[in-house]
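S.K.: Fold the stuff below for me.
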Amino acid sequence: MKAAPPTLKYEPGLVVAEGDYVILQRAVLRVRVAGQLGLVADILRIEDGILVEHWDVIQDEATREQSKSGRPMFGNAFPV
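M.R.: Below you'll find the model as predicted:
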């Protein structure tokens, strides 16, 4: 994270574990790139305490105007 650009803001999110699988929601990685906010979730498979597989899911965060429900994707407020 030391080498990350100043526009990168890490906000810890939900962690879910089931068997060998762990999902880390980094919405929690709110990343502002060219004015766009993105959300990231990491999906990991751990075997005998060793990380053996890793996938990323990346999605643009919906703005107030794009939100069908009128609510933010995460938390109680839309990002500024």
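
S.K.: mind listing the helices for the protein?
M.R.: With DSSP state H applied, the chain shows no helices anywhere along its length.

S.K.: what residue ranges in it score low on pLDDT?
M.R.: Across the chain, the ranges flagged by pLDDT under 70 are 1-2, 4-12, 26-38, 80.

S.K.: Now with 80, please.
M.R.: Low-confidence segments of the chain, defined by pLDDT under 80: 1-14, 24-41, 58, 60-61, 73-75, 79-80.

S.K.: Could you pull out the strands in it for me?
M.R.: 8-10, 15-18, 21-33, 36-47, 50-60 (DSSP state E).

S.K.: What is the neighbour count of the nearest residue to Gln59 once chain neighbours are set aside?
M.R.: Distances taken as Cβ to Cβ, 6 or more residues apart in numbering place Leu39 nearest to Gln59, at 5.2 Å, with adjacent residues excluded. C-beta: built from backbone N, CA, C; applies to glycine. Other residues within reach of Leu39 by the criterion other Cβ atoms under 10 Å amount to 21.
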